[in-house]
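> how would this look folded up:
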Amino acid sequence: MLIFGNQDGKILSHLSLPSNASIPMGFDSVYSKYPFLYKVQVDPYVRCFELNNKNYKLLGDTSSVVYANYYGLSGIADNTFRIVEIKNLHRE
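I've put the predicted structure just below:
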């Protein structure tokens, strides 16, 4: 599981955004606006854990928490990876 906040200081810094900024809530919005984040957040897990990047399910509410379940190429139900984005979560 990968958990991050939309006000994560390290993410904001890597995107050259001010420390009081926030990234959009929702993976479609985040990764279309900042494709670099997909490359460093999702892609390594897809490759390492042999996940199907076309077989995932988006859940949650952009006003609080959203998450995506990515499923493995093996088809085994236990081979699932979850990415979670939490609104207003900070990390330095």
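> Please name the residues that touch the residue lying closest to residue 25 once chain neighbours are set aside.
Leaving aside its chain neighbours, residue 25 sits nearest to residue 62 (4.0 Å; criterion: Cβ to Cβ, 6 or more residues apart in numbering). To be clear about C-beta, it is placed using only N, CA and C from the backbone, and glycine gets the same treatment. Contacts for residue 62 were tallied using Cβ atoms under 8 Å, 6 or more residues apart in numbering; they are 25-26, 29, 87.
> isn't residue 22 right up against residue 4?
No - here residue 22 does not reach residue 4: they are 11.6 Å apart, not a contact under Cβ atoms under 8 Å.
> on that earlier part again, find the pair from the contacts of residue 62 with maximum spatial separation.
With distances taken as Cβ to Cβ, the most widely separated pair in the contacts of residue 62 is 29 and 87, at 12.3 Å.
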